[in-house]
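Undergrad: A structural model of the following input is requested.
(one chain, ligands or ions: 1)
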Amino acid sequence: MGKFGSGDTKWFVRDRFGMFIHWGLYSMPARHEWVRHHEKITTEDYQKYFDHFNPDLFNPKEWAKAAREAGMRYFVITTKHHEGFCMWDTKYTDYKITNTPCGRDLLREVVDAFRAEGIHVGFYYSLIDWHHPDFIIDNRIGPYRELPEEERKKMNEGRDMKRYAQYMRNQVRELLTEYGKIDILWFDFSYPAPDGDPEHGKGHKDWESEELVKMIRSIQPDIILDNRLDLPEEGDIHTPEQYTPSEGLTDKDGNPIVWEGCQTFSGSWGYHRDEQTWKSPKQCIDLLIDHVSRGGNLLMNVGPTSRGYLDRRAMDCLKAYADWMHYNKRSIYNCGPAPREFQPPLDGRYTYNRETNTLYLHLMNWPFKHVHLPGLAGKVAYAQLLHDGSEVKILPPPEAPSHVTAKSPAQAETLLLPVNKPDVEVPVIELFLK
Ligand code: GLC
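TA: Okay, the predicted model is just below:
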C-alpha cells in the first residue's frame with residue numbers, strides 16, 4: 001500500500017496559508033452545504049438545483065487574484081461534496097456540471113486560473129455521496145438517516161459499496177491524471193460503524209482506503225494526503241477543523257507533526273446567505289498568527305455564490321488579509337514556532353524563521369510603552385516594527401529599581417514602544433537575533 005506520510009510537505013510548511021473553496025449545487029439553496037442533511041431533501045426535490053445551476057458571473061481569475069493578494073499560496077476546492085455533484089467533466093456519472101445549464105468543466109478553469117497565479121493546487125473529494133446509487137444509505141448522516149429501518153433496507157437493495165469504492169477510484173484517477181500536478185488531495189470524511197455495518201457508518205473498509213491510497217501514490221507519489229480515510233497511519237497532514245489547538249500537534253512520541261487548521265469566515269463552508277457569524281478582520285488575522293505560531297497552516301474557506309462570484313463579505317475578509325500580509329508576510333512564510341526557551345509576553349505570539357534566525361513578536365493587544373521579552377536579554381541585535389521598518393528601541397536593564405522603574409523579569413529584554421498602537425491590525429516586531 002502506498003505509504004501515508006510520503007507526501008511532499010516541504011513547500012506546504014513554508015507557504016503556511018491557503019484558500020479552501022466550497023462550491024456546488026448547495027450554493028443555490030444558500031443554506032449550508034449540508035442542506036440536504038439538515039432539511040432531509042430527497043434526491044428528487046434536490047434536482048431543481050441541478051436543473052438551474054448556471055454561474056453566469058463566474059470568473060476564476062478574480063478568485064485567484066484575491067487569493068494571491070491575501071497571501072494564500074495554495075488552494076483546495078471541492079471537486080465533489082457530500083451531495084455527490086461533480087464539478088468536472090467526469091466520465092463516470094451524469095451528475096456533473098457539464099450536464100447543467102452551466103455546461104462547462106469549471107474545475108479546469110479554476111485550476112488554470114490559480115496555477116497562473118503560482119498557487120499550489122488542491123482537490124477536496126468527498127468519500128460520502130448522498131446521490132450515488134451504490135452508496136449505502138445509513139442511519140448516521142444524510143437526508144435519509146431517519147428512515148424506518150425496513151424502508152432504509154428497501155432503499156439499499158441492489159446498492160453495492162464495492163462498486164462505489166471502484167467509482168471513487170475511477171474518479172480520483174481522473175482528477176490525478178487530467179488536471180496536471182495536484183499538490184494536495186483532501187478527503188472528507190470517515191465515520192466508521194462500531195459493528196462494521198455500512199448502514200451504521202463507513203470507514204476504510206467501505207472506502208477501500210488502502211487500495212485508494214496505493215493507486216494515488218502510484219500516480220502522484222508526492223501528493224499530500226489528509227488524515228480522514230480512517231487508516232491507522234495518519235495522513236501527511238492532520239486537519240483540525242473550526243478548532244485552534246492550544247499548541248503544536250505531535251505524534252505519540254511527542255514529535256511535531258504537520259498540521260493544517262481549516263476554518264470558515266462565517267459559520268458555513270458553502271455559501272450561506274443569512275448566516276451572520278462572520279469573523280472580524282482581527283479575528284481572521286489572529287487565526288493565521290495562532291496557527292503559524294503553533295507550527296500549523298491555516299486553510300481559510302470561501303463559499304462562492306451560485307452566480308459564481310465571492311460576495312462582499314468574503315472579499316472584505318480577504319482584503320483584511322491582503323492589507324496585513326502585504327507588510328507582515330515575512331512573519332508567516334517559512335516561519336513556525338519559536339524555540340521553547342523563548343516564551344512570548346502576555347498577549348504576544350512568536351513566530352520564528354530558522355533560516356534567518358529572526359523572531360517575530362505579534363502583539364495581539366497593544367501594551368502601554370513597554371514589552372518585556374523573557375529569556376531574550378542580550379540576544380536581540382536589532383528590533384523594528386515590521387509594517388514600516390521603524391526602529392523599536394531596546395532598553396538597557398535599569399541600573400536598579402528606583403521610584404520610576406522596577407526590575408524587569410530576570411533575563412528579559414525590554415522594548416520601548418510608541419504609546420499609540422500603529423495603524424496595522426496586529427502589529428509585529430521583527431527581532432533580529434544575535
Ligand atoms: C466538515 C463538514 C464538511 C466540510 C468539511 C471541511 O466535514 O461536514 O461539509 O466540507 O468539514 O473540513
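Undergrad: going forward, measure contacts between C-alpha atoms and count neighbours the same way
TA: Noted.
Undergrad: Check which helix or strand the closest residue to the ligand within the stretch 301-434 of the chain maps to.
TA: The ligand sits closest to residue 301 of the stretch 301-434 of the chain, with a gap of 8.6 Å, by CA to the nearest ligand atom. Element membership for residue 301 (DSSP states H and E) is strand 296-302.
Undergrad: next helix or strand past that strand?
TA: Once strand 296-302 ends, the next helix or strand along the chain (criterion: DSSP H and E) is helix 312-328.
Undergrad: which residues sit against that following helix?
TA: For helix 312-328, contacts defined as CA atoms under 8 Å, 6 or more residues apart in numbering pick out 66-67, 69-71, 265, 278-281, 284-285, 302, 386-388, 424-426, 428.
Undergrad: Please point out which parts of stretch 165-179 sit buried.
TA: For stretch 165-179, burial by neighbour count (16 or more other CA atoms under 10 Å) applies to 165, 167-176.
Undergrad: do the same with stretch 324-334
TA: Using 16+ other CA under 10 Å as the test for burial, stretch 324-334 gives 324-325, 327-334.
Undergrad: again with stretch 346-355
TA: For stretch 346-355, by 16+ other CA under 10 Å, it's 348-353.
Undergrad: Run through who's touching that stretch.
TA: By CA under 8 Å, 6+ apart, stretch 346-355 touches 289-290, 292-293, 331-332, 334-339, 344, 358-365.
Undergrad: Over to the nearest residue to residue 35 once chain neighbours are set aside: give its phi and psi.
TA: Spatial nearest neighbour of residue 35, chain neighbours left out: residue 26 (6.9 Å); criterion: CA to CA, 6 or more residues apart in numbering. Main-chain dihedrals, residue 26, degrees, to the nearest 10: phi -60, psi -10.
Undergrad: residues from the stretch 151-300 of the chain in reach of the ligand?
TA: Proximity of the stretch 151-300 of the chain to the ligand, by CA under 6 Å from any ligand atom, involves residues 188, 241.
Undergrad: hmm, try it at 8 Å
TA: With CA under 8 Å from any ligand atom as the criterion, the stretch 151-300 of the chain comes near the ligand at residues 188-189, 239, 241, 262-263, 269-270.
Undergrad: same check, this time on the stretch 1-150 of the chain
TA: 22, 33-34, 78, 81-82, 126.
Undergrad: relative to helix 312-328, how tilted is the strand holding residue 301?
TA: Between the axes of strand 296-302 and helix 312-328, defined by axes from the mean of the first three to the mean of the last three CA atoms, to 10 degrees, the angle is 150 degrees.
Undergrad: Counting by contacts, list what strand 296-302 packs against.
TA: Contact here means 3 or more CA pairs under 8 Å, 6 or more residues apart in numbering; DSSP states H and E; on that basis strand 296-302 packs against helix 10-15, strand 17-21, strand 259-264, helix 281-293.
Undergrad: Contact partners for the closest residue to residue 58 other than its chain neighbours?
TA: Leaving out its chain neighbours, the residue that sits closest to residue 58 by CA to CA, 6+ apart is residue 308, at 3.9 Å. Taking CA under 8 Å, 6+ apart as the criterion, residue 308 is in contact with 55-59.
Undergrad: let's go with 10 Å and repeat that
TA: Residue 308 sits next to 23, 27, 53-60, 63 when contact means CA atoms under 10 Å, 6 or more residues apart in numbering.
Undergrad: And the helices in the chain?
TA: 10-15, 35-38, 43-52, 60-70, 106-116, 149-156, 161-177, 204-207, 209-219, 281-293, 312-328 (DSSP state H).
Undergrad: Nearest to residue 91 among the ones you listed would be which one?
TA: Closest to residue 91 of those, according to CA to CA: helix 161-177, at 8.1 Å.
Undergrad: okay, the angle between the closest one and helix 209-219?
TA: Using the same axes, to 10 degrees: helix 161-177 against helix 209-219 is 20 degrees.
Undergrad: Okay, angle between helix 161-177 and helix 106-116 too, please.
TA: With the same axes, to 10 degrees defining the directions, helix 161-177 sits at 40 degrees from helix 106-116.
Undergrad: residues in contact with helix 161-177?
TA: So helix 161-177 is in contact with 79-80, 86, 88-93, 107, 123, 125-127, 129, 132-136, 181-183, 185, 198, 202, 205-209, 211-213, 215-216, 219-220, 223, going by CA under 10 Å, 6+ apart.
Undergrad: hmm, which of those residues are the buried ones?
TA: 79-80, 86, 88-90, 107, 123, 125-127, 129, 132-136, 181-183, 185, 198, 202, 205-209, 211-213, 215-216, 220, 223.
Undergrad: JSON lines please, covering the helices of the chain and showing distance to residue 248 and mean pLDDT.
TA: Putting the helices of the chain into JSON lines (distance: least, CA to CA, whole Å; pLDDT from 0 to 100) gives the following:
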{"stretch": "helix 10-15", "distance to residue 248": "13", "mean pLDDT": "98"}
{"stretch": "helix 35-38", "distance to residue 248": "34", "mean pLDDT": "98"}
{"stretch": "helix 43-52", "distance to residue 248": "42", "mean pLDDT": "98"}
{"stretch": "helix 60-70", "distance to residue 248": "24", "mean pLDDT": "98"}
{"stretch": "helix 106-116", "distance to residue 248": "29", "mean pLDDT": "98"}
{"stretch": "helix 149-156", "distance to residue 248": "43", "mean pLDDT": "97"}
{"stretch": "helix 161-177", "distance to residue 248": "31", "mean pLDDT": "98"}
{"stretch": "helix 204-207", "distance to residue 248": "27", "mean pLDDT": "98"}
{"stretch": "helix 209-219", "distance to residue 248": "27", "mean pLDDT": "96"}
{"stretch": "helix 281-293", "distance to residue 248": "8", "mean pLDDT": "98"}
{"stretch": "helix 312-328", "distance to residue 248": "22", "mean pLDDT": "98"}
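Undergrad: So which of those helices is nearest residue 405?
TA: helix 281-293 (31.5 Å).
Undergrad: helices or strands up against that closest one?
TA: strand 17-21, strand 259-264, strand 296-302, helix 312-328, strand 348-353, strand 358-363 (3 or more CA pairs under 10 Å, 6 or more residues apart in numbering; DSSP states H and E).
Undergrad: Just give me how far the fourth one sits from the chain centre.
TA: By that I understand helix 312-328. 16 Å (CA atoms, centre = their mean, to the nearest Å).
Undergrad: got it, and stretch 150-160?
TA: Using CA atoms, centre = their mean, the offset of stretch 150-160 from its chain centre is 36 Å.
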